[in-house]
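In: let's see this in three dimensions:
(4 chains, ligands or ions: 4)
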Amino acid sequence: MTAKMTMVQALQQAMELKLKEDDRVILMGEDIGLNGGVFRVTDGLQAKFGEDRVIDTPLAESGIVGTAVGMALNGMIPVVEIQFLGFIYPGFEQVVSHVSRLRARTQGRYQVPMVIRTPYGAGIRGPELHSESVESFFVHVPGLKVVVPSTPYDAKGLLIAAIEDPDPVIFLEPTSMYRALKEEVPEDKYTVPLGKARVIEEGEDISIFAWGAMVQVALQAARKMKEQRGWTADVIDLRTLYPFDRDTIKASVEKTGRALIVHEAHRTGGMGAELISFINDESLFYLKAPVARVTGYDVPVPFFSLEDDYLPTVERVSRGIEQTITY
Amino acid sequence: MTAKMTMVQALQQAMELKLKEDDRVILMGEDIGLNGGVFRVTDGLQAKFGEDRVIDTPLAESGIVGTAVGMALNGMIPVVEIQFLGFIYPGFEQVVSHVSRLRARTQGRYQVPMVIRTPYGAGIRGPELHSESVESFFVHVPGLKVVVPSTPYDAKGLLIAAIEDPDPVIFLEPTSMYRALKEEVPEDKYTVPLGKARVIEEGEDISIFAWGAMVQVALQAARKMKEQRGWTADVIDLRTLYPFDRDTIKASVEKTGRALIVHEAHRTGGMGAELISFINDESLFYLKAPVARVTGYDVPVPFFSLEDDYLPTVERVSRGIEQTITY
Amino acid sequence: MRKSMEEQFPVRQILSPEGKLIESVDGWIDDELALDMYEKMVINRTFDRKSVTMQRQGRIGTYAPFEGQEATQVGSAMALDDQDWLFPTYRDHAAMMTFGQSILRVLLYWKGRIEGCVPPEGKHILPPYVPIATQIPHAAGVAWSSKMKGEAVASIVYFGDGATSEGDFHEGLNFASVYNAPVVFFCQNNGYAISVPMSRQMKTKTIAQKALAYDIEGIRIDGNDIFAVYLHTRQAVEKAKRGEGPTLIEAVTYRYGAHTTADDPRKYREQEKEEKIRREKYDPVDRLRRYLESKGLWDDEKEQALVQKAETIINQAVKEMESYPAPQPEDMFEHIFAEKTWNIKEQQQQVAEESDRQRKSVQKELA
Amino acid sequence: MRKSMEEQFPVRQILSPEGKLIESVDGWIDDELALDMYEKMVINRTFDRKSVTMQRQGRIGTYAPFEGQEATQVGSAMALDDQDWLFPTYRDHAAMMTFGQSILRVLLYWKGRIEGCVPPEGKHILPPYVPIATQIPHAAGVAWSSKMKGEAVASIVYFGDGATSEGDFHEGLNFASVYNAPVVFFCQNNGYAISVPMSRQMKTKTIAQKALAYDIEGIRIDGNDIFAVYLHTRQAVEKAKRGEGPTLIEAVTYRYGAHTTADDPRKYREQEKEEKIRREKYDPVDRLRRYLESKGLWDDEKEQALVQKAETIINQAVKEMESYPAPQPEDMFEHIFAEKTWNIKEQQQQVAEESDRQRKSVQKELA
Ligand SMILES: Cc1ncc(C[n+]2csc(CCOP(=O)(O)OP(=O)(O)O)c2C)c(N)n1
Ligand SMILES: Cc1ncc(C[n+]2csc(CCOP(=O)(O)OP(=O)(O)O)c2C)c(N)n1
Ligand SMILES: [Mg+2]
Ligand SMILES: [Mg+2]
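Out: Ligands and ions are numbered 1, 2, ... in the order given. Model (predicted):
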């Protein structure tokens, strides 16, 4: 059975299913219980599962991540919500120095099977620091997996997979996609495997890689260019940033000979750089043009009056496609 | 007048000169006063300038960086020491959300002209978390400059330039180079400009980019390959990672048609990726082979019994040169 | 038997909810000052209500209202001297405006304009701090350096009950205590961190007692009593300037409305009932009016004039906000560094070209 | 007048420096236990001295000695039950070994071997924590979940005086207090954080008083009095298991030597003089021996036998360490994830090939 739902509803179902099925799963975070989270992603779960399983914590991200590590050491599976990605920094040391390392340091004697969920990205007229997109920090940290859904279906399947994964997962939820679209999502449990990209459209002229909210932008630009210029594109939602799906990327780039990466994050040192490097390593001489990056700029995500000018747009991506194909 | 000195001595001179010349300059950090720093970089400075200018702070990195921001707002120029780069994380939020942004947020009304000095990198048989090399985190943060000296001469000139720079600078000091070599360094004040690379050797067959402790490794490998195979290389010490010296990089790669980047940091998401992307953007069709990366692996920097196996070696860089040239 | 912490840190009050003086304020607060306090609270309340309305109308973005907390903010900011430093959170517009920030700037901030961060010339008012508690070490640092410079300047830093859980609260207070920095830690305990009540935020019943961990003075005051707020803040400021170190003030108060306009307080408390009780019994504005009335300093006529004046002032600022020049995309590249780096220049150039192209294509379509 | 914090939190002692009982320990500490304590302290001291020597000889890497802190570590770890959790710092090898970690593993750790992190089967001993104070929230989290599971299990977490300045100290204690978690916060106040004396670390004269910020119990004990350490830790552990929440114990002690073998304490204190006084007057091992001797439980002969035994044990472990199989470069890729990702596999493969090539080229040269 399926039902039409938003990403918020799909994520909620994922958590509800896991809370029901596995006693070890608990949710922790600021305002996630009674209030149901500032985006209502955990709405109603405390009423269903109690205050001991859906926990309103004090306002302290290092404390949240740190005590969740303790929970995980003791056999629980904490699903932590950080209220916005820009507020993970107080807990950054816990993530980088412990969450990612305890398995290795104890040679597998302990593991930290936790998920850190956090809304991320711009586009919802949020206040300062509510629009960050620093996924590349986590991609650089050995021992973490980094996952970004872009649709309700994927969100549910990936979140369940992340909770079931024996290793820590940073799970980034694009705020502007929370309610942007509804799709049919199975009511039952299913997983979408980590590490696998999704090819949304297939084409011949260029490979476009995106994740999170940028998938829709990429898709629209590809469709527009197809309509206007007849160019066809592979449009690929990476879904997992670490470990990214190298086979899909390689096959696509070697087929089309052109690539474009779209991300909201700042250009310099963003995930796009790693993907270009991978293409450089694997497929350099297939390239008919430099790999293009259409990204956020190297400035703090601006206040919301200018956020649309910061974010990649269908316009900018279209021009990137054009420049790459007509290079 | 010059004197032969180590990097430690050169850094100390830089700070002493600035303390003497500019009342606004203060040093802050753990164990930097009476103890002179765990690497003795600030040795003797408290005795000379007093406890109010060379300050032993409590053990709290967020507190250190955060109060230094306050100092800077109030017109001082704090030169902060974080004892090891791996211990900057508790202060990461202050760096990312404030140090880098206050100028922009106040439209220049306030500035934060501080320097965060910190020993970094592996190779000295340090304990866990004393060997981190996460420069790419800072390169990704708009509003920060990132500087890495590799020699005593540069260390002094770059540190003075960093202190005089009106913007915040992350100043990474390669621990294994602190005392590895001595060179003639002017006793007087001079600066080495931020944003400019140093071409150490010139050649025809490949461009090798490195910074910090990897400069020596790159240089030795280049010399070995010249001797053994007759290949010549541009060996370039980037010195500043943000903003990196694009003109020098571009000119060199377009001359040699081949490039190799050496860094200690983990490969995935490291600075090498950004450099490859820059080459992709600017000079793709000059390339006769994929740009090579010889880097640390995607694992936590191992305990010291294996650190030599983690770090790029002359062997590995030599093989990288060979593979790139014979591609 | 040991006294409980609530007894050790009693809630200090000067003006009773009925508007009666409990202690004399002679030498501290004269009629003029009291009238000024009242006027400021009314103007700020008018501002707050207007802002909430404008958010609903889409004229500004998400907004954090402070209604109910006028006395804590106005009273404490009035206790500062001109050269002092003020570190506000996203909820402390009343404190900022009292200390000299323009209404226009505050409105611009909530309209998503970075220009709203800029303080008036000569006044040290930092932009609102969004990441919780991070301003606390900044204030400690400014104060510490004021002391180093030998200046009789104090810093005041605002934060909420929730902020006390963050590491930066602890580190900031510890630094300030070690260096005996002239800073006032001003905690507006409004009982909630978004939805989380104080009882889940901490085990303690008071925040003032946390001062004991740093051997600094801690006091608890009635935050809806503007006389208590003013007096105790003023004393803390003067003490700081005398070189006697930091003070932690817990001002007990309540926000009537939502955490921000994006929040629905009915999810986590009996909003209507609680709001009603608070407004009827403990309102900070009414309390002061009762006092002024009892002293014959206030009447309905004056009230009407003031309401009129407040509206005029706010409407004027709103007008300025709405006619403020639109932001340019290129602006986002300004002030990142003192001198633009090559990639910022390049990106700014790109954006400028893009704007240009768009402008032209719009013109073309129109033509 | 209010009592000072030092009076409110007096240093509790059971065994005087002269080895005399100040309070009865009946029902808590019998002769057997006292003898066991003594033996453990001596073995640990032997270990510590041997390790410092081996570091000088280049047989292990930088080492963090604990001499002078034997009573705090041994006494507190002996107060635990088998199923409890122990969170040590880089200086708490004596606590770890007392609780069951093997000497071999501890040596391997300091020899730069990750294998030194692995606790014995069935025992919850975390690897030494290097980033200061970060273990505190972990212990709070484990304890909190023990409580959730309804298990009578306690956690003990070690940290130093310096660690109290970090935000994680504050956040960990706050969480534990809110959730009433069965955890013992065991602070070894040895007066220094590397070179920084307590007086520059905090304004307070005690660490125990910081418990007041969380409404939990705080006590100060003589950390060189193993009876006091054992007893108060045991009481805190039992209290935790009864569901009565966390305790902060400040154990006042002193490290005789350097912070680590890379440190030179003469830079920041009158090392020789201070060490001498401490050793002569306050040594934790001597103190207990005086007690045992006064009870006729100890004599020179026994001492010699014990010294002999300690050396045999340590030497045996050193031998095992030195014959431990060499690490393989490929090892660094193990256990990063439960299942290796493609790039870890690829990199491991590369390293294996590299090792292979090197082995072959060495063989070739030899042939
Ligand atoms: C580091 C950080 N974490 C989380 C948030 C999200 N957040 C914004 S306000 C708030 C509650 C703050 O409560 P309190 O300190 O009591 O201040 P109040 O809003 O009541 O004035 C939270 C959790 C944030 N802004 N920063
Ligand atoms: C976050 C962090 N900052 C700095 C350091 C460097 N460092 C190691 S030990 C130490 C002093 C710790 O002092 P204390 O907590 O008193 O413990 P002790 O060493 O005296 O046992 C410092 C600053 C670190 N390991 N982690
Ligand atoms: Mg609050
Ligand atoms: Mg100590």
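
In: burial count for the closest residue to chain A within the stretch 151-300 of chain C?
Out: Residue nearest to chain A within the stretch 151-300 of chain C (Cβ to the nearest Cβ): residue C:195, separated by 3.5 Å. (C-beta placed from N, C-alpha, C; glycine too.) Neighbours of residue C:195 under the rule other Cβ atoms under 10 Å in any protein chain shown: 23.

In: the strands in the chain, which residues?
Out: Chain wasn't specified; assuming chain A. Applying DSSP state E to chain A gives strands spanning A:2-5, A:25-29, A:54-56, A:77-81, A:115-120, A:145-147, A:169-174, A:183-186, A:198-201, A:206-210, A:233-237, A:240-242, A:259-266, A:292-296.

In: if you could check chain C rather than the one you did, that'd help
Out: C:11-12, C:85-87, C:124-125, C:155-160, C:183-189, C:192-193, C:196-197, C:217-222, C:247-252.

In: is it possible to get CSV of those that adds distance to chain D and mean pLDDT?
Out: Shown next, in CSV, are the strands of chain C (distance: least, Cβ to the nearest Cβ, whole Å; pLDDT from 0 to 100):
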stretch, distance to chain D, mean pLDDT
strand C:11-12, 18, 98
strand C:85-87, 18, 98
strand C:124-125, 26, 98
strand C:155-160, 14, 99
strand C:183-189, 13, 99
strand C:192-193, 13, 98
strand C:196-197, 10, 98
strand C:217-222, 10, 98
strand C:247-252, 11, 98
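
In: quick one: closest of these to ligand 1.
Out: strand C:155-160 (2.2 Å; Cβ to the nearest ligand atom).

In: picking up where we left off before, among the strands of chain A, which is nearest ligand 2?
Out: Nearest of the strands of chain A (Cβ to the nearest ligand atom): strand A:115-120, 20.7 Å.

In: please identify the most buried of the strands of chain A.
Out: For the strands of chain A, the largest average neighbour count (mean count of other Cβ atoms under 10 Å in any protein chain shown) is found in strand A:206-210, namely a mean of 29.

In: and the contacts of it?
Out: Contacts to strand A:206-210, defined as Cβ atoms under 8 Å, 6 or more residues apart in numbering or on different chains, come from residues A:150, A:217-218, A:221-222, A:231, A:233-238, A:249, A:252-253, A:255-256, A:258-263, A:275, A:317, A:321, A:324-325.

In: from residue D:363, how far off is the residue of the stretch 151-300 of chain A at minimum distance from ligand 3?
Out: Going by Cβ to the ion, ligand 3 is nearest to residue A:175 of the stretch 151-300 of chain A, at 23.5 Å. Per Cβ to Cβ, to the nearest Å, residue A:175 is found 59 Å from residue D:363.

In: spatially central residue for the chain, please.
Out: As the question left the chain open, I've gone with chain A. Of all residues in chain A, the one closest to the mean position by Cα atoms, centre = their mean is residue A:148, 1.7 Å from it.

In: actually chain C
Out: residue C:92 (1.8 Å).

In: show me what residue of the stretch 201-350 of chain C gets nearest to ligand 3.
Out: Residue nearest to ligand 3 within the stretch 201-350 of chain C (Cβ to the ion): residue C:255, separated by 7.3 Å.

In: next one, pLDDT for that residue please.
Out: Among the per-residue scores, residue C:255 holds a pLDDT of 98.

In: and for residue C:362?
Out: 80.

In: residues contacting it?
Out: So residue C:362 contacts nothing (Cβ under 8 Å, 6+ apart).

In: hmm, back to that, now do the contacts for the residue nearest to the centre of chain A.
Out: A:135, A:171-174, A:211-212, A:238-241.

In: helices of the chain, start to end?
Out: Here I'm looking at chain A. A:7-21, A:45-49, A:61-73, A:92-93, A:102-105, A:135-139, A:152-164, A:214-229, A:246-256, A:271-283, A:307-310, A:314-325 (DSSP state H).

In: let me rephrase: I mean chain C.
Out: Taking DSSP H as the criterion, chain C carries its helices at C:5-8, C:31-56, C:70-78, C:93-99, C:103-110, C:135-149, C:167-179, C:198-201, C:226-241, C:271-282, C:284-294, C:300-322, C:342-366.

In: can I get the ones you listed in CSV including distance to ligand 2?
Out: Shown next, in CSV, are these (distance: least, Cβ to the nearest ligand atom, whole Å):
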stretch, distance to ligand 2
helix C:5-8, 28
helix C:31-56, 41
helix C:70-78, 34
helix C:93-99, 34
helix C:103-110, 35
helix C:135-149, 16
helix C:167-179, 11
helix C:198-201, 25
helix C:226-241, 30
helix C:271-282, 42
helix C:284-294, 43
helix C:300-322, 45
helix C:342-366, 32
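
In: looking at the ones you listed, which is nearest to residue B:282?
Out: helix C:342-366 (11.2 Å; Cβ to Cβ).

In: before we move on, back to that, any chance of the helices of chain C in TSV, plus distance to ligand 3?
Out: TSV is the format used below for the helices of chain C (distance: least, Cβ to the ion, whole Å):
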stretch	distance to ligand 3
helix C:5-8	19
helix C:31-56	16
helix C:70-78	11
helix C:93-99	15
helix C:103-110	19
helix C:135-149	15
helix C:167-179	13
helix C:198-201	8
helix C:226-241	16
helix C:271-282	14
helix C:284-294	16
helix C:300-322	25
helix C:342-366	38
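
In: quick one: which of these is nearest residue A:128?
Out: Of the helices of chain C, the one closest to residue A:128 (Cβ to Cβ) turns out to be helix C:103-110, at 9.0 Å.

In: for the record, mean pLDDT for that closest one?
Out: Mean predicted confidence for helix C:103-110 is 98.

In: please determine how far the residue of the stretch 201-350 of chain C closest to ligand 3 is located from residue B:145.
Out: Residue C:255 is 41 Å from residue B:145, by Cβ to Cβ.

In: confidence score at residue C:1?
Out: The model's pLDDT for residue C:1 equals 58.

In: quick check: residues of the stretch 1-150 of chain A near chain D?
Out: Within the stretch 1-150 of chain A, the positions lying close to chain D (Cβ under 8 Å from any Cβ of the partner chain) are A:52, A:57-58, A:60, A:62-63, A:65-76, A:90, A:93-94, A:97-98, A:103-111, A:142-143, A:145.

In: let's see 6 Å
Out: A:52, A:58, A:60, A:62-63, A:66-67, A:69-71, A:73-74, A:76, A:97, A:103-109, A:142-143 (Cβ under 6 Å from any Cβ of the partner chain).

In: return the residues in contact with residue 91.
Out: Reading this off chain A. If you count contacts by Cβ atoms under 6 Å, 6 or more residues apart in numbering or on different chains, residue A:91 has them with A:61-62, A:65.

In: wait, chain C was what I had in mind.
Out: So residue C:91 contacts C:64, C:66 (Cβ under 6 Å, 6+ apart).

In: equivalent analysis for residue C:16, please.
Out: Per Cβ under 6 Å, 6+ apart, neighbours of residue C:16: residue C:22.

In: burial measure for the closest residue to ligand 2 within the stretch 201-350 of chain C, as a count.
Out: Among the residues of the stretch 201-350 of chain C, residue C:213 lies nearest to ligand 2; the distance is 16.4 Å by Cβ to the nearest ligand atom. The local packing of residue C:213 (other Cβ under 10 Å) involves 27 other residues.

In: cool, and residue A:41?
Out: Neighbours around residue A:41, by other Cβ under 10 Å: 26.

In: equivalent analysis for residue C:349, please.
Out: 12.

In: with residue C:266 instead?
Out: Residue C:266 has 10 nearby residues by other Cβ under 10 Å.

In: where's the residue of the stretch 201-350 of chain C closest to ligand 2 relative to residue D:208, distance?
Out: Distance, residue C:213 to residue D:208, using Cβ to Cβ: 10 Å.
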